[in-house]
Each structure stands twice: as structure tokens, then as C-alpha cells.
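# With the sequence up front, the predicted model follows.
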Amino acid sequence: MRDLNRRKFITRGLGIAAAASAGATGLGLGARPARAAGQPVVLKLAHPDTPIHPAQEIAMRFGKLVEERTGGSVKIRVFAGGQLGSEVNIVSGLTTGIVDLAMHTTGFLESFFPRIQALDLPFLFHDSATAERLLDGPIGQELLNDMQAKGIYGLTWGHYGWRVTETNNRVVKVPQDLAGLKIRIQPGAVFAAMFKAVGAVPIVIDLAELYIALSQGTVNGYELPFLAVVTTKLVEVTKYVGVTNHVYNGGAFMASKVRFDTLTPKEQEVIRETVKEIQPGWRKLVAEKSIENRKICEQRGLKVNEIDYPAFRKAMEPVYTEFREKIGAEFADKVIKAASA
């Protein structure tokens, strides 16, 4: 019953949200009625995490500031984990205008924007400062600019916490410890390749289904930040955590072009400036909560251990060779060089 209630909690509102998107007036998906003079516009902001995840706090803070700064002409409704569809559907919804705004991790953007795969190369970044310097510079802006071709405005880069490796069958300290384990991954060819490189069996499962999959032994583990282990209650069905820190786990704040272009220039400016303003707080909050949630995991009995970093980095070197051409050799080399600086 607990599992069923949890699934209901994560996915509730999906039917209501879908109906609202299509519109009771018979408009097609993504279509909008004309905006009457003086009438406020309500934008739907989606993120894939639960309401107790830091992303919710950041989204709510953003919405409050936008409403204040537009004098109430723009209101933001925040939809957490699954309310506007699956994790993949959130991104595709931006392209059609079904979803107006979204905060999402890079792994779910890779199939839409292949060059983003460079950010998820295993063990690319040694620390957050290096990752943020790259994302806030020309390379990060190039990747945000790529999104416009698919009907999305990329507004800024945030953070969702370093990805670590959680298992139930055995402690993970060296690459060989993952051999044969079924590991849940998010969509993204890079994620599949990195776990295949160490002999694991990567399986794509939506986050909303992971709790049950672990409980039933469908998968033996997963790779998520400490934040997600606690906020999705996976702490209840997890035994071990290897602090691999294999991906920085950047996240983009995005807007649907078809929807954003209907706003007044002043409203667009407010949204763009407010997104930039909340970015440092987003990263800071995630960093603080990551430390806090690691402690919660340890207090709840999870065995947390460090890993043989050089051994893992060496084992996953073939991923770089495999994806250099897929990403674009010149761009991949530029990202790797910048990350090593």
C-alpha cells in the first residue's frame, strides 16, 4: 500500500494537467486562446523531482519574484515530479508549448541536443568550481543556444548534485564491484555506455517507478545524487552508496519558445533576469542539501564509502573514444580541455 500511495503522490494531477494543456475550449495541444487586455498569463513550470526536493524551493522562489516584478501580469504554477508527464515528456512538452518552463538535468536533454552529452562524460569534472566555470562561459552558452533549434530557450545552468552509485547487493569500491549488477540509469547513451564499460547492466526506468523496481529486485541499484535518495524515499530500499561522483549533474532552466514569444518584451526580460538571479542560490542550496542528505543516508543505516577514483576513470576511458565523434570531435576536445584547465 505504501508503494501504491507513493506512486499516486508522484503522478497525481497528471490527468488534470493534460486536460488543461489541451484546453477545455477545444484548442489543439500547445495552442493558446488570445490574451485579453490586462489579463494575467499563467505559466506552467515543471520539474521532475518531488515537492521536498530543493528544485521545488527554487521554482517557488522564482515564481514569487516573477509575479512581484511583473505586477501580477505573469503568474507561475509549479508542477513537481510527474504531474505534467514523465521525465522525458517534460522536455518534449517544451518543444510544443504544452510545458511553458522547466528545470531538468542534462541526461534528459541528450537525445534532443547531442552535444550536451559532453557534459555527462564520466569523471569529466574534478570539482564544482570547474564545472560551473565551464557552464557559465562560452561553452555553456553554446549549448543553451543549441536549444533554440528545437523550440526551446535555454536560460541558465543550475545543479542537481553530484551523481553517486547506490547498490543493494554489494559495496562498490572498484569498477569490478559493478560487474553483472542491473543498474537503473536515466535516458542517455553516455550513461548506458559508462556502466557497460564496468560490466554492469544499465536499465532505463522512470524515477517514479524506481522505488518499486528496487523493492522487487528488478534492478540491483541506481546512480542518483544524495538529494534524490532522500527526497524520493529511496533511502528506505537502499543499502550501499559508493561516492563515485561520476557526473556533475548540471541542469538547465528552459522556456518553451512558442509560449515565451507570446509574452511582452518586459515580461520576457523579467523572466530572463530573474532566472540569472536565482542561479547562484540554486547551486548553493543544492550543495548544502547534498551534504545534509548524505548525513541523513548515513543516519538511516546506509553504508557510504569512497571509491578508487583513478581505477574508475581508467575503466571508463573507452566512453570518451566512443562519443568523441558522436558529440563532434572539435567540440568534445574543447570541453575536455576546458574541464582539465
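Happy to help now that I have it.
# Hmm, residue 116 and residue 189 touching each other?
No - if you go by C-beta atoms under 8 Å, residue 189 and residue 116 don't touch, sitting 11.3 Å apart. Where C-beta positions appear, they are placed from N, C-alpha and C, glycine not excepted.
# where do the contact lists of those two overlap?
Counting by C-beta atoms under 8 Å, 6 or more residues apart in numbering, the shared contacts of residue 189 and residue 116 are residue 110.
# Who has more neighbours out of these two?
Neighbour totals were compared for residue 189 and residue 116, and residue 116 leads with 24 against 17 (other C-beta atoms under 10 Å).
# show me the contacts for that one.
By C-beta under 8 Å, 6+ apart, the contact list for residue 116 reads 106, 109, 110, 143, 146.
# Could you report the neighbour count for the last one?
Put plainly, it is residue 146. 17.
# List the buried residues for whichever strand or helix holds it?
If you go by DSSP states H and E, residue 146 is part of helix 138-146. Using 16 or more other C-beta atoms under 10 Å as the test for burial, helix 138-146 gives 139, 140, 143, 144, 146.
# how about the residues you listed in CSV, adding pLDDT?
Output for the buried residues of helix 138-146, formatted as CSV (pLDDT from 0 to 100):
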residue, pLDDT
139, 98
140, 98
143, 98
144, 98
146, 96
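# How many neighbouring residues does residue 127 have?
Applying other C-beta under 10 Å, I find that residue 127 has 11 neighbouring residues.
# Give me the distance between it and residue 134.
Residue 127 is 11 Å from residue 134, where distance means C-beta to C-beta, to the nearest Å.
# what do you get for residue 74?
For residue 74 relative to residue 134 (C-beta to C-beta), the value is 31 Å.
# Ok, residue 221 next?
29 Å.
# what about residue 192, helix or strand, and which?
Using DSSP H and E, residue 192 falls in helix 189-196.
# by contact count, what packs against that helix?
strand 182-185, strand 201-204, helix 317-327 (3 or more C-beta pairs under 8 Å, 6 or more residues apart in numbering; DSSP states H and E).
# Does anything pack onto the next helix or strand after the longest one? Which helices or strands?
Scanning forward in sequence from helix 317-327, with DSSP H and E defining helices and strands, the next element found is helix 329-340. Taking 3+ C-beta pairs under 8 Å, 6+ apart as contact, the helices and strands that helix 329-340 lies on are helix 128-135, helix 138-146, helix 317-327.
# before we move on, the earlier item: between residue 74 and residue 134, point out the one with more neighbours.
Just comparing residue 74 and residue 134: by other C-beta under 10 Å the higher neighbour count belongs to residue 134, 24 against 21.
# OK, contacts around that one?
125, 140, 335, 338, 339.
# quick one: pLDDT of it?
The per-residue pLDDT reported for residue 134 equals 98.
# Pull the residues that contact the helix holding residue 146.
113, 115-116, 119, 134, 154-157, 252, 331, 334-335, 338.
# Report whether the expected contact of residue 112 with residue 93 is present.
No - assessed by C-beta under 8 Å, residue 112 is found out of contact with residue 93, at 11.8 Å.
# Same drill for the two, tell me which one is more crowded.
Under the neighbour definition other C-beta under 10 Å, residue 112 and residue 93 were set side by side, and residue 93 has more, 24 against 18.
# Looks to me like that one is in a helix.
Yes - counting by DSSP: H, G, I helix; E, B strand; the rest coil, residue 93 is found in a helix.
# Counting neighbours, which bits of stretch 171-187 end up buried?
172, 175, 177, 178, 181, 182, 183, 184, 185, 186, 187.
# Adding distance to residue 54, write the residues you listed out as a markdown table.
Compiled in a markdown table, those are given as follows (distance: C-beta to C-beta, whole Å):
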| residue | distance to residue 54 |
| --- | --- |
| 172 | 26 |
| 175 | 31 |
| 177 | 30 |
| 178 | 28 |
| 181 | 29 |
| 182 | 29 |
| 183 | 25 |
| 184 | 22 |
| 185 | 22 |
| 186 | 18 |
| 187 | 22 |
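# Among these, which pair sits farthest apart?
By the measure C-beta to C-beta, 177 and 187 form the most distant pair in those, at 24.6 Å.
# Now the residue nearest to the spatial centre of the chain, what are its backbone angles?
In the chain, the residue lying closest to the centroid (C-alpha atoms, centre = their mean) is residue 105, at 2.1 Å. Note on residue 105: backbone dihedrals following degrees, to the nearest 10 are phi -80, psi 160.
# mind listing what it touches?
So residue 105 contacts 48, 160, 186, 249, 250, 251 (C-beta under 8 Å, 6+ apart).
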